[in-house]
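Peer 1: quick check, what structure comes out for this input:
(2 chains)
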Amino acid sequence: SQKIEQNSEALNIQEGKTATLTCNYTNYSPAYLQWYRQDPGRGPVFLLLIRENEKEKRKERLKVTFDTTLKQSLFHITASQPADSATYLCALDPGGSYIPTFGRGTSLIVHP
Amino acid sequence: DAGVIQSPRHEVTEMGQEVTLRCKPISGHNSLFWYRQTMMRGLELLIYFNNNVPIDDSGMPEDRFSAKMPNASFSTLKIQPSEPRDSAVYFCASSTKRTGVDEQYFGPGTRLTVT
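Peer 2: All right, here's what the predicted structure looks like:
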């Protein structure tokens, strides 16, 4: 079965720097990969989707890359702000069903 | 649109009691998903419906859990009898796509505590 690995340790960075979060998966390459943001006490909120034939996708200060050779997606937030502090989840197609499987998420803390 | 609505937001119950969680998806969305989130296991898919029909319930942990979707605007997740290990945050999500490959819209969740 597909395994999804996100760093369980919180990422602490200074305001203005670029935050980079990692999502690694095992086995077969998924048809797509999504990134969600989750704030404490709230449900996840969709941010970006990238498909297997796409290398990179951008949305404002967000950038996602998808490397099927490394079996890895990187999620970047440029010019980070304290308001970007949250847990970021990656989700991917586990194979054929197109119903996403979620990683455990990585907490990002941006210090002013 | 009010988004996905879940009730109650918090539920505290004693072991052995029946618990019913409710969800109203976004109008026009034809797929509905129930998830459970814990620190230990993260976010797990329990069941999903398409056009009110259960498509995959392989994530439902055991027979104590059941879910229904009597119409396009309402779904319930029932636990009977409840156990302390069921304590978690339960999320409902809806989507316009049958396969969920596009974005899912999550509700605020129901925090369930079983004592």
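
Peer 1: chain A contacts on chain B?
Peer 2: B:4, B:33, B:35, B:42-45, B:48, B:56, B:91, B:93, B:99-109 (Cβ under 8 Å from any Cβ of the partner chain). C-beta here means a position set from N, CA and C on the backbone, and glycine is covered the same way.

Peer 1: the same query, at a cut-off of 10 Å, please.
Peer 2: Proximity of chain B to chain A is confined to B:3-4, B:6, B:9, B:31, B:33, B:35, B:37, B:39-45, B:48, B:55-56, B:58-59, B:89, B:91-93, B:95, B:97-109, B:111 under the rule Cβ under 10 Å from any Cβ of the partner chain.

Peer 1: and residue 41, what does it touch?
Peer 2: You didn't pick a chain, so chain A it is. B:9, B:89, B:108-109, B:111 (Cβ atoms under 10 Å, 6 or more residues apart in numbering or on different chains).

Peer 1: look at chain B instead
Peer 2: B:Arg41 touches A:104, B:88, counting by Cβ under 10 Å, 6+ apart.

Peer 1: and for A:Val110?
Peer 2: Contacts of A:Val110 (Cβ under 10 Å, 6+ apart): A:11-17, A:19, A:77, A:80-86.

Peer 1: re the thing from before, out of the contacts of A:Gly41, who's nearest B:Ser73?
Peer 2: B:Pro108 (17.4 Å; Cβ to Cβ).

Peer 1: where does the closest one sit: helix, strand or coil?
Peer 2: Recorded secondary structure, B:Pro108: coil (DSSP: H, G, I helix; E, B strand; the rest coil).

Peer 1: and the contacts of A:Gly41, which are buried?
Peer 2: B:89, B:108-109, B:111 (16 or more other Cβ atoms under 10 Å in any protein chain shown).

Peer 1: in a markdown table, list those along with distance to A:Ala91 and pLDDT.
Peer 2: Formatted as a markdown table, the buried ones among the contacts of A:Gly41 follow (distance: Cβ to Cβ, whole Å; pLDDT from 0 to 100):
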| residue | distance to A:Ala91 | pLDDT |
| --- | --- | --- |
| B:Val89 | 17 | 98 |
| B:Pro108 | 19 | 97 |
| B:Gly109 | 17 | 98 |
| B:Arg111 | 22 | 98 |
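
Peer 1: which stretches in chain A count as helices?
Peer 2: Taking DSSP state H as the criterion, chain A contains no helices.

Peer 1: enumerate the residues of it near chain B.
Peer 2: A:4, A:6, A:31-32, A:34, A:36, A:38, A:41-49, A:51, A:89, A:91, A:93-94, A:97-105.

Peer 1: can you select the buried ones from those in PyMOL?
Peer 2: Buried members of these, defined by 16+ other Cβ under 10 Å, are picked up in PyMOL with:
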select buried, chain A and resi 4+6+31+32+34+36+38+43+44+46+47+48+49+89+91+93+94+97+98+99+100+101+102+103+104+105
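
Peer 1: what is the burial count for whichever residue of chain B sits closest to chain A?
Peer 2: Nearest residue of chain B to chain A: B:Phe106, at 3.0 Å (Cβ to the nearest Cβ). For B:Phe106, the neighbour count with other Cβ atoms under 10 Å in any protein chain shown is 23.

Peer 1: what's the closest non-adjacent residue to it?
Peer 2: By the measure of Cβ to Cβ, 6 or more residues apart in numbering or on different chains, the closest residue to B:Phe106 outside its immediate chain neighbours is A:Gly43, 3.0 Å from it.

Peer 1: list the contacts for that neighbour?
Peer 2: Taking Cβ under 10 Å, 6+ apart, one finds A:36, B:3-4, B:6, B:35, B:37, B:43, B:89, B:91-93, B:104-109 in contact with A:Gly43.
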